[in-house]
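Asker: Just a sequence and a predicted model for now, questions to come.
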Amino acid sequence: MSEKKCEIEIIRHSLSHVMAAAIVEMFPEAKLGIGPAIESGFYYDFDLPRTLIPEDLPLIERKMREIIKKGEKFERVEVNIEVADKRLGKSDEIYKKELINDLEKEGEKKISLYKTGDFIDLCKGPHVDNAGDLKSVGWKLEKIAGAYWKGSEKNKMLQRIYGLAFESDDELKEYLSQREEAEKRDHRKIGAELDLFSFHEEAPGFPFWHNKGMILWNILLNWWRTEHKAAGYEEVKTPIILLRNLWEESGHWDHYKNNMYFTKIDDRDFAVKPMNCPGGMLLYKEKLHSYREFPLKVAEIGLVHRHELAGTLHGLMRVRALHQDDAHIFCTEEQISDEVIGVIGLVDKMYSKLGLKYHLELSTRPKEGSIGSDEMWKKAEDALKKALDKKDLKYKLNPGDGAFYGPKIDFHIEDAIGRTWQTGTIQLDFAMPERFGLEYIAEDGSPKRPVMLHRVVFGSVERFIGILTEHFAGAFPIWLAPLQTIILPISDKHNDYAKSVAEKLLEKNIRVEVDERSESVGRKIRDGEMKKIPYMLIVGDKEVETRKAALRSYEKGDEGLVDIEEIIKKIAE
């Protein structure tokens, strides 16, 4: 953990402690749950004598600021576990006592308490030295929510108060501004407005793609196929359901079985695939391979299913059925560096066309659960570092975050409002070819083990479209826009001319519609702008007479009367 990240977590944890102190002052009957630091802030769970309302938050904030102003020290006290509950000050702290009992069962002999003024809490810490250190911090209480004790529906529902916290007021304001902008760009809202996709209770976590969404989907994947064909990839398709034994052999069973769907066929156990890799192994083993075929680049837009918890589902960003733009590159050890550099070049080319900036992170062997020998991992990590250094590429080291079968290079893109998303990845795998007994005939005629690169450009296609939707705020570049042009006849008598203009655009493969609704042209223009259509062509008496159209672009507004051929040329460019 970086020093700065550690510091902000201490600040956030300290604020949760101060909030608990404030609540106890305001509600002496309160019973305390837990209060950790979280991303962007903190929370604390309380069992209170009444239900909190939003109007309570400013009052709690005021009490917290009073405690901070006093500047009392955070004092750490270590006590024997058998007397810990007596030091908490109240005999009815049932949740804290339960936590102490849990620690005792785990074999803990001593635990730490933190004291600020008259308030004392069970806590591991650390905290700031004294409450006064929080005076310059930018923070605010955000919302109230319900939370079951220990996350179990069998337990009582507590009241959770969330707070935001950053090192300064400026950072807090920047975060709030970014969040406000993110809410405007929410892909779920824009997806509904642009008629791209929807979700239904009958299929939670499974997106329904509408016609315009499928147009966007196909444009993106047709481009993907064009780029991959040019880069020497062949495309395959493997089954969605595969025998359980295959997942055990690959190692995925131990790591993903809790997120997999299962079925029985002919009294044998099968699983719906959460990954494409094992199917790729079976395809490779279909025939004997020679070093002359290498690098062998095999790509698949594979549909995979993962059982995500209901509470984690979020539009296209986290779904239960997704398409991965997987590819597996089989090569020799000597080819690793060139192939890694080749994938980086392909990803760079595709991200650049989308206007996406990115940074690279190199993730090394996980501390637990990895497969393969120490020698394999060292060789793989050294090979990825060598490839990055060969191209003099800057990267951030991310220790212990590699895949269970190998280290990886991740691409983290930055969107229009500064958020980062992990999308593309290159994973170097010596272990899976070993497990599946993959071989090729080397130049000297002997059988050898190939090296395998797993890689994606988009990652989850669904999630990537969600990211792009928010990045462009629904105003896709014209080549990606599901509808590139809409023609707006001023009245019904202009419909025929509007249709003739549409036919000319369709002949040039321009995606176009005619809005024949009996609405005012002003209403039609507003609707077109809401749908973020790149070009609108307004046609009335003057346009029919001159055989032209009034051009209005989403980017520039009115551009005047333009010849139809000029419009076609403008869109094509």
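Answerer: Here it is on my side, so go on. All values derive from a computational prediction rather than experimental measurement.

Asker: rest of the way, CA atoms for contacts and neighbours
Answerer: Will do.

Asker: So what's the gap between the helix or strand of the chain with the lowest mean pLDDT and the chain middle?
Answerer: Lowest by mean pLDDT, DSSP states H and E among the helices and strands of the chain is helix 252-256, with a mean of 84. Chain-centre distance of helix 252-256: 21 Å, with Cα atoms, centre = their mean, to the nearest Å.

Asker: Using CSV, write down the CA coordinates of it.
Answerer: Presented in CSV, the C-alpha positions along helix 252-256 are these (Å, rounded to 0.1, in the frame of the first residue of the first chain):
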residue,chain,number,x,y,z
HIS,A,252,-10.6,-22.9,-12.5
TRP,A,253,-12.7,-25.1,-10.3
ASP,A,254,-10.8,-24.2,-7.2
HIS,A,255,-11.0,-20.5,-8.0
TYR,A,256,-14.4,-20.0,-9.6
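
Asker: Direction included, what does whichever helix or strand comes after it pair up with?
Answerer: Going down the chain from helix 252-256, the next helix or strand is strand 261-265, by DSSP states H and E. Here strand 261-265 has these sheet partners by DSSP bridges: strand 268-272 (antiparallel).

Asker: What count of nearby residues applies to S460?
Answerer: When counting by other Cα atoms under 10 Å, one arrives at 26 neighbours for S460.

Asker: Can you tell me the SS state at the residue lying closest to it once chain neighbours are set aside?
Answerer: By the measure of Cα to Cα, 6 or more residues apart in numbering, the closest residue to S460 outside its immediate chain neighbours is Q324, 4.7 Å from it. Applying DSSP: H, G, I helix; E, B strand; the rest coil to Q324 yields a three-state assignment of strand.

Asker: Give the bridge partners for Q324, please.
Answerer: G302, S460.

Asker: Please apply the same query to the one 5 residues further on.
Answerer: Beta-bridge partners for I329, by DSSP bridges, are K297, L453.

Asker: okay but it is in contact with P450, surely?
Answerer: No: at 9.6 Å, I329 and P450 do not qualify as touching, with contact defined as Cα atoms under 8 Å.

Asker: which of the residues in the helix ranked longest in the chain are buried?
Answerer: Identified as the longest helix of the chain according to DSSP state H is helix 3-26. Under the neighbour-count criterion of 16 or more other Cα atoms under 10 Å, helix 3-26 has 7-25 buried.

Asker: where are the low-confidence patches of the stretch 301-450 of the chain?
Answerer: For the stretch 301-450 of the chain, no stretch has pLDDT under 70.

Asker: Enumerate every residue touching the nearest residue to G540 once chain neighbours are set aside.
Answerer: Computed as Cα to Cα, 6+ apart, the closest residue to G540 that is not its neighbour in sequence is I490, at 5.3 Å. Contact analysis of I490 by Cα atoms under 8 Å, 6 or more residues apart in numbering lists 520-521, 538-540.

Asker: per-residue confidence at I490?
Answerer: I490 is assigned a pLDDT of 95 by the prediction.

Asker: quick one on the thing from earlier: closest to E333 out of the contacts of I490?
Answerer: I538 (60.8 Å; Cα to Cα).

Asker: would you list every one of the strands in the stretch 401-550 of the chain?
Answerer: Counting by DSSP state E, counting those that start in this stretch, the stretch 401-550 of the chain has strands at residues 408-414, 420-429, 440-441, 447-448, 451-460, 485-489, 512-514, 535-539, 548-553.

Asker: how far out from the middle of the chain is the fourth one?
Answerer: A distance of 40 Å separates the centroid of the chain from that of strand 447-448, by Cα atoms, centre = their mean.

Asker: and that strand, which strands flank it?
Answerer: Going by DSSP bridges, the partners of strand 447-448 are strand 440-441 (antiparallel).

Asker: My guess is Y440 contacts P447. True?
Answerer: Yes: counting by Cα under 8 Å, Y440 touches P447, with 5.6 Å between them.

Asker: Looking at these two, which is more packed in?
Answerer: It is Y440, of Y440 and P447, that has more neighbours when counted by other Cα under 10 Å, with 24 against 16.

Asker: What are the boundaries of the strands in the stretch 201-350 of the chain?
Answerer: Going by DSSP E, counting those that start in this stretch, the stretch 201-350 of the chain shows strands at 208-209, 234-235, 241-243, 261-265, 268-272, 296-305, 321-331.

Asker: For H359, which of those is the nearest?
Answerer: Nearest to H359, of the strands of the stretch 201-350 of the chain and by Cα to Cα, is strand 321-331 at 20.1 Å.

Asker: which residues sit against that closest one?
Answerer: 205-207, 276-277, 280, 291, 294-306, 450-462.
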